[in-house]
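Trainee: the amino acid sequence is not available; the structure is as follows:
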Ligand code: AMP
Ligand code: MG
């Protein structure tokens, strides 16, 4: 199969007129493949060799469009850091089309960095190699951790330098195009855009389309739109609970970066927390700490309230009834989130889901970690050894290990007698290898300038995060304190 004949459907283009601008990618000077996701290609039924060929790379770079594809820039609005922008949209990205598998499930193929579109505003329409590789490695790590996410299919270097702000200076960095696969690119911001347009038919079509792709069972409900909203609330509660459980900080939870599918999207200034502290913020642009680790459940609730507002006209013709329905559903969020998060944490601590006192023991451990500035991932992973009878590595993480000893006694009572089995389960729930900030930065710098060896090594480590392998010790080490304290991530452009 040649890549020029990629069999892409265009349901978005057909069904959602008004929610996009037809647009073509801007060709780049000298495309070269930096990394290709062969496992994902296989999942999609694509031939990796064909993707690596000159024709394949041309498609991944936006220099060629698959035959018959209707490429388009999607329209969406969004609240960015709480402020509303009525027209954001794909300023530098395009939907190439949709793969449809045997069961009828659709996945978008999307390019990011493919040139300016009518939504570009001030931007150059391009993306840099470093941030696109960052999205690649972190989204693959999330996938390997079992967390719903968009996937990266490939990063192609464009051969064209672009200008980016670095430490207050404008510098030239190598440009790139990321090919991304997602169960859709529908966002809260897509509903905000449709709703604000005042075109009720458009909002209805979007709702039906989202139901078809993400919540087909909702179509059978008495109120399909409300059932879709209910589905999104559940999906986002589960997603953010998983983020919290692995210490992931998204960094820019704007409503345009919140999906209807419940997949993590738009890896900009995201990072994994080192030391456990709910106030942790990495993003250089997040001055107020709006998107701090511990704020994420509250922010997703806020974003879901914006979705509810946008969907009110499709919930009910009578606005008061619609508000009442949406509000009572939204009010279920905290409990749904709490249950999902608590279940994650019980598993991580080797506790049966119905054990009495589990939530207290979890809260006490987190408080100890916060007080003693303990590395979150290392601590949780080391607990399986403590369950097996060797607490030395966990103790070594605490400045005052006696407090940990006290806690461990209470915890082990709750784990029960079958500690060997509990420890094995814990090792399948607590990753050893995550993309730690200090290593991510190091490998991206080298890869931006053409040396991808360290990037490939990191990718290999985080692709099998739970399985101990010798030689990978480095990826399991907490950041040196001086590095993690002042660590900042930039808005991944
Ligand atoms: P993000 O922060 O990546 O979620 O992007 C927010 C908005 O800015 C979206 O509408 C993007 O399409 C747009 N944008 C970001 N970077 C660029 C760029 N280099 N050129 C054009 N638009 C951009
Ligand atoms: Mg975005």
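Mentor: Happy to help now that I have it. For clarity, every value in this text was computed on a predicted model and none was experimentally measured. Ligands and ions are numbered 1, 2, ... in the order given.

Trainee: which ones are touching the closest residue in space to residue 214 that isn't next to it in sequence?
Mentor: Distances taken as C-beta to C-beta, 6 or more residues apart in numbering put residue 261 closest to residue 214, at 5.3 Å, once the chain neighbours are dropped. Just so you know, the C-beta spots here come from the backbone N, C-alpha and C atoms, and that holds for glycine as well. Counting by C-beta atoms under 8 Å, 6 or more residues apart in numbering, residue 261 touches 148, 182-184, 186, 213-214, 235.

Trainee: and the gap between residue 261 and residue 147?
Mentor: 13 Å (C-beta to C-beta, to the nearest Å).

Trainee: quick one on the thing from earlier: for the contacts of residue 261, pick the one with the most neighbours.
Mentor: Counting neighbours by other C-beta atoms under 10 Å, residue 184 leads these with 26 neighbours.

Trainee: please tell me how far that residue sits from residue 169.
Mentor: From residue 184 to residue 169 the distance is 38 Å (C-beta to C-beta).

Trainee: tell me the secondary structure for the residue nearest to residue 214?
Mentor: Using DSSP: H, G, I helix; E, B strand; the rest coil, the structure places residue 261 in coil.

Trainee: ok, the closest residue to ligand 2 within the chain - how many residues close by?
Mentor: Residue nearest to ligand 2 within the chain (C-beta to the ion): residue 266, separated by 4.0 Å. When neighbours are counted by other C-beta under 10 Å, residue 266 registers 22.

Trainee: and the residue nearest to the spatial centre of the chain, what are its phi and psi?
Mentor: Centroid-nearest residue in the chain: residue 264, 2.7 Å away (criterion: C-alpha atoms, centre = their mean). In terms of degrees, to the nearest 10, the main-chain angles of residue 264 are phi -70, psi 130.

Trainee: tell me which parts of this structure are close to ligand 1?
Mentor: 88-93, 119-120, 123-126, 252, 256-257, 266, 268, 493 (C-beta under 6 Å from any ligand atom).

Trainee: if you set the cut-off to 5 Å instead, what comes out?
Mentor: Contact residues, the chain versus ligand 1 (C-beta under 5 Å from any ligand atom): 88, 91-92, 120, 123-125, 266.

Trainee: please pick the buried ones from these.
Mentor: Neighbour counting over the residues of the chain next to ligand 1 (16 or more other C-beta atoms under 10 Å) leaves 88, 91-92, 120, 124-125, 266 as the buried ones.

Trainee: out of the residues you listed, which comes closest to ligand 1?
Mentor: Distance to ligand 1 across these (C-beta to the nearest ligand atom) is lowest for residue 91, with 2.5 Å.

Trainee: now do the same contact list for the closest one.
Mentor: Contacts of residue 91 were listed using C-beta under 8 Å, 6+ apart, and they are 73, 116-117, 119-121, 123, 125.

Trainee: still on that earlier bit, now the two most distant members of the residues of the chain next to ligand 1.
Mentor: The most widely separated members of these are 124 and 266, with 17.9 Å between them, by C-beta to C-beta.

Trainee: quick check on residue 85: phi, psi?
Mentor: phi -120, psi 120.

Trainee: which residues touch the residue nearest to it when sequence neighbours are not counted?
Mentor: Excluding the flanking residues, the one nearest residue 85 by C-beta to C-beta, 6+ apart is residue 78, at 5.7 Å. By C-beta under 8 Å, 6+ apart, residue 78 lies in contact with 84-85, 88, 187-189, 192, 254-257.

Trainee: cool, and residue 184?
Mentor: Contacts of residue 184 (C-beta under 8 Å, 6+ apart): 106, 108, 210, 213-214, 259-261.

Trainee: secondary structure class for it?
Mentor: Secondary structure state of residue 184, per three-state DSSP, is coil.

Trainee: thought residue 93 was touching residue 62, still the case?
Mentor: No - counting by C-beta atoms under 8 Å, residue 62 sits too far from residue 93 to count as a contact (10.1 Å).

Trainee: shared neighbours of these two, anything?
Mentor: 111, 114.

Trainee: what's the spacing between the biggest strand by length in the chain and its chain's center?
Mentor: In the chain, with assignment by DSSP state E, the single longest strand is strand 151-166. In terms of C-alpha atoms, centre = their mean, to the nearest Å, the centre of strand 151-166 is set 19 Å apart from its chain centre.

Trainee: does the closest residue to ligand 1 within the stretch 101-250 of the chain sit in a helix, a strand or a coil?
Mentor: Nearest residue of the stretch 101-250 of the chain to ligand 1, counting by C-beta to the nearest ligand atom: residue 123, 2.1 Å away. Following three-state DSSP, the label given to residue 123 is coil.

Trainee: quick check: it touching residue 89?
Mentor: No - using C-beta under 8 Å, residue 123 makes no contact with residue 89, being 11.2 Å away.

Trainee: got the domain ranges for this protein?
Mentor: 3-182, 351-427 (automatic domain parsing).

Trainee: how near is residue 473 to residue 432?
Mentor: 9 Å.

Trainee: of these two, who's got more company?
Mentor: For residue 473 versus residue 432, neighbours defined as other C-beta under 10 Å are more numerous around residue 432 (21 against 11).

Trainee: re the thing from before, out of the contacts of residue 78, which end up buried?
Mentor: Looking at these with 16+ other C-beta under 10 Å, the buried ones turn out to be 85, 88, 187-189, 192, 254-257.

Trainee: restrict the residues you listed to contacts with ligand 2.
Mentor: Counting by C-beta under 5 Å from the ion, residue 257 from the buried ones among the contacts of residue 78 sit close to ligand 2.

Trainee: go through the buried ones among the contacts of residue 78 and flag which are in strands.
Mentor: Using DSSP E, the buried ones among the contacts of residue 78 in strands are residue 85.

Trainee: pLDDT added to the buried ones among the contacts of residue 78, as TSV?
Mentor: Converted to TSV, the buried ones among the contacts of residue 78 look like this (pLDDT from 0 to 100):
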residue	pLDDT
85	98
88	98
187	98
188	99
189	98
192	99
254	98
255	98
256	98
257	98
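
Trainee: next step: the contacts of residue 78 restricted to helices.
Mentor: 188-189, 192 (DSSP state H).

Trainee: which one of those residues is nearest residue 428?
Mentor: Top of the list for closeness to residue 428, among these and by C-beta to C-beta, is residue 188 at 32.8 Å.

Trainee: got a list of what residue 361 touches?
Mentor: Residue 361 makes contacts with 349, 351, 407, 410-411, 414, as judged by C-beta under 8 Å, 6+ apart.

Trainee: for it, which non-adjacent residue is spatially closest?
Mentor: residue 411 (5.2 Å).

Trainee: again, but for residue 117
Mentor: In space, and not counting its chain neighbours, residue 117 is closest to residue 73: 3.8 Å by C-beta to C-beta, 6+ apart.

Trainee: spell out the secondary structure type for that neighbour.
Mentor: Classification of residue 73 using three-state DSSP returns strand.

Trainee: tally of neighbours for it?
Mentor: Applying other C-beta under 10 Å, we find 23 residues neighbouring residue 73.

Trainee: residue numbering should commence at 15 henceforth.
Mentor: From this message on, residue numbering opens at 15, which makes the last subject residue 87.

Trainee: do you know the pLDDT at it?
Mentor: Per-residue pLDDT puts residue 87 at 98.

Trainee: and if you look at residue 472?
Mentor: At residue 472, the pLDDT value in this model is 98.

Trainee: ok, now which ones touch it?
Mentor: Residues near residue 472 by C-beta under 8 Å, 6+ apart: 151, 449, 453-454, 457, 489.

Trainee: one more pass at 6 Å, please.
Mentor: Neighbouring residues of residue 472 by C-beta atoms under 6 Å, 6 or more residues apart in numbering: 453, 457.
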